[in-house]
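**Q** got a predicted structure here, sequence first:
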Amino acid sequence: MNGKTMFKPRTYLLAGAALAAVLTLSACTNGTEPRSPSGSSSAPTASASFASADVTFAQMMIPHHEQAVEMSEDILAKGEVDVRIADLATQIKAAQEPEIEQLRDWLTEWGTDETSTGGMDGMMSDDDMMALENASGPQAGELYLEQMIVHHQGAIMMAELELDEGQNEDAKAMASNIVTSQTDEIDVMKDILSTL
């Protein structure tokens with residue numbers, strides 16, 4: 001009798017523990033991750049839901065962002081640049097550097113590397129980059145804006161593809177932010193260009 005009364009509670013306890021484990025695992029695989037008050041998520045686990053489109057987005061956006069940062073650093077290193085352009089370059093650099101790190105973290109946790117085999121819309125050629133590097137004064141500012149508009153348009157196209165085909169909610173949230181913020185920045189750049 002005592003053996004039976006001891007066995008039943010233990011059986012219920014083990015069944016409850018197993019059910020809790022199953023529920024925990026299912027929660028980990030549905031792609032939902034805790035978010036901070038700012039809207040950004042904590043780093044997703046390797047089991048977070050993702051698709052090949054998410055991987056492609058991250059792999060392509062890293063070098064794309066890196067080039068935007070390089071262009072911004074280039075213009076900020078020059079003298080006699082319109083303060084509005086310098087402010088914009090600072091803003092672009094500050095926004096994209098943390099995104100590069102987040103994209104790298106996702107690729108690591110998804111078990112892949114940064115190697116991209118796809119073409120990236122809006123990337124500047126070596127000649128374009130050299131032209132920006134060699135430009136000075138007002139000409140440099142104007143060239144930076146013209147190039148960055150094209151660059152941003154390419155990033156928006158890639159982000160929209162992620163929104164259409166991606167599965168990871170955090171990557172899609174970043175893509176949505178890229179579409180919104182870079183569309184706004186294009187408008188600012190066009191406004192500045194119209195006054196130069």
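**A** Thanks, I have the structure now.

**Q** how far off centre is whichever helix in the chain runs longest?
**A** For the chain, the longest helix by residue count, based on DSSP state H, is helix 137-165. Helix 137-165 has its C-alpha centroid displaced from the chain centroid by 15 Å (C-alpha atoms, centre = their mean, to the nearest Å).

**Q** buried stuff in that helix?
**A** 140-145, 147-149, 151-152, 154-156, 158-159, 161-163 (16 or more other C-beta atoms under 10 Å). For glycine as for every other residue, the C-beta is placed from the backbone atoms N, C-alpha and C.

**Q** same for it, what does it pack against?
**A** helix 52-76, helix 83-109, helix 126-134, helix 169-195 (3 or more C-beta pairs under 8 Å, 6 or more residues apart in numbering; DSSP states H and E).

**Q** which strands or helices does the first one pack on?
**A** When you say that, I think you mean helix 52-76. By 3+ C-beta pairs under 8 Å, 6+ apart, helix 52-76 packs against helix 83-109, helix 126-134, helix 137-165, helix 169-195.

**Q** what helices or strands is the first one leaning on?
**A** Read it as helix 83-109. helix 52-76, helix 137-165, helix 169-195.

**Q** reformat these as TSV; add mean pLDDT and distance to Met120.
**A** Output for those, formatted as TSV (pLDDT from 0 to 100; distance: least, C-beta to C-beta, whole Å):
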stretch	mean pLDDT	distance to Met120
helix 52-76	96	5
helix 137-165	96	6
helix 169-195	97	13
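
**Q** quick one: closest of the helices and strands packed on helix 52-76 to Ala53.
**A** Checking those against Ala53 by C-beta to C-beta gives helix 137-165 as the closest, at 3.8 Å.

**Q** okay, the angle between the closest one and helix 52-76?
**A** Counting by axes from the mean of the first three to the mean of the last three C-alpha atoms, to 10 degrees, helix 137-165 points 170 degrees away from the direction of helix 52-76.

**Q** still on that earlier bit, winner for burial among the helices and strands packed on helix 137-165?
**A** Highest mean neighbour count among the helices and strands packed on helix 137-165 (mean count of other C-beta atoms under 10 Å): helix 52-76, with a mean of 20.
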